[in-house]
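Trainee: Let's see this in three dimensions:
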Amino acid sequence: MNVALLRIYLNDHLAGSIGGLELARRAKAENADNAVGEFLETFHQELMEDRAILLSVMSALGFKPDMLKQGAAWVAEKLGRLKLNGQLLGYSPLSRVVELEGLCLGTEGRLSMWRTLRRLSRKDERLGRFDFSSLIARAEHQRRTLERLRQQCSDEAFLEPGAGSVLRLTPSPSEREAH
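Mentor: Residues are numbered from 1 along each chain as shown. Down below sits the predicted model:
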C-alpha cells in the first residue's frame, strides 16, 4: 500500500469534511422551516459521525490530521459564500440550489472514499473493524435524497410560478387552503 498517497488522500477528505459540515450547517439554518432543513438536520449529524469515523480510520493507520489543510478548507468555505445569488443581501432560491449541488458533490466524493477504503480493508487488517458497507449505503441514501431535494429546489427557482414543480418544496396556495 502506498502509505504516503493514502495519507494525502484521507487528509484531503478530512479537509473537505470541514467545508461540507459548514455548508450543511448554514443551509440547515437557512431552511429551518422546510423539507430541506428537515433533511439537513439529520444529514449534518451524519456528517459529524462520518468525520469522526474518518478520524478513527486515520488513527488506525497512524495518520495525523493536516491542520494546515483543515484551516485552508475552512477559509475556502467562507470565501465560497461570496457569490451572487440574485439578491443583494440574504438568501435566495438560487442559494438553496447551489448549496444542495455542493452537498451532492461532497457526498459523491465521500461515497467514493468509503468504497476505496472498503477495497483497501481487504488488504489491510487495520481497516477491518470499520463497517464501510454501511457507510456506503448511508451515503447512497443521502445522495438520492439530496438529488431529489436539488431537483425540487431547481424547479422552484427556475420555473415560472404555478408551472407545477413536480417535487414542490412549499405548498401552493390551493394546497394550503385544502389543509
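
Trainee: Phi, psi for Ala32 please.
Mentor: phi -60, psi -20 (degrees, to the nearest 10).

Trainee: What about it, how many residues nearby?
Mentor: Per other Cβ atoms under 10 Å, the neighbour tally for Ala32 reads 11. (C-beta placed from N, C-alpha, C; glycine too.)

Trainee: quick one, phi/psi of Asp33?
Mentor: Backbone torsions of Asp33, given as degrees, to the nearest 10, read phi -100, psi 20.

Trainee: State the distance from it to Leu40.
Mentor: Taking Cβ to Cβ, to the nearest Å as the measure, Asp33 and Leu40 are separated by 12 Å.

Trainee: out of those two, which sits in the busier spot?
Mentor: Neighbour count, other Cβ under 10 Å: between Asp33 and Leu40, Leu40 has more, with 27 against 9.

Trainee: List the buried residues for the helix or strand harbouring that one?
Mentor: Following DSSP states H and E, one finds Leu40 within helix 35-60. By 16 or more other Cβ atoms under 10 Å, the buried positions in helix 35-60 come out as 35-36, 39-40, 43-44, 47, 50-51, 53-54, 57-58.

Trainee: and which of those residues is nearest to Cys153?
Mentor: Closest approach to Cys153 among these (Cβ to Cβ): Val36, at 6.8 Å.

Trainee: Tell me the predicted confidence for the closest one.
Mentor: You'll see Val36 listed with a pLDDT of 95.

Trainee: For the nearest residue to Leu100 once chain neighbours are set aside, give me the pLDDT.
Mentor: Counting by Cβ to Cβ, 6 or more residues apart in numbering, the nearest residue to Leu100 once its immediate chain neighbours are dropped is Arg150, at 4.1 Å. pLDDT recorded at Arg150 is 97.

Trainee: For Arg150, which residues are in contact?
Mentor: 97, 100-101, 104 (Cβ atoms under 8 Å, 6 or more residues apart in numbering).

Trainee: Quick check: the farthest pair among the buried residues of helix 35-60?
Mentor: Ala35 and Met58 (34.4 Å).

Trainee: Is the spatially most central residue of the chain within a helix or a strand, and which one?
Mentor: Computing the C-alpha centroid of the chain and ranking residues by Cα atoms, centre = their mean puts Leu103 first, at 3.4 Å. In this structure, Leu103 sits in helix 93-121 according to DSSP H and E.

Trainee: chain center to that helix: distance?
Mentor: 6 Å (Cα atoms, centre = their mean, to the nearest Å).

Trainee: List the buried residues of that helix.
Mentor: Buried, per 16+ other Cβ under 10 Å, within helix 93-121: 93-100, 102-104, 106-107, 109-111, 113-114, 117-118, 120-121.

Trainee: cool, and stretch 121-137?
Mentor: 121, 127, 130, 132, 135-136.
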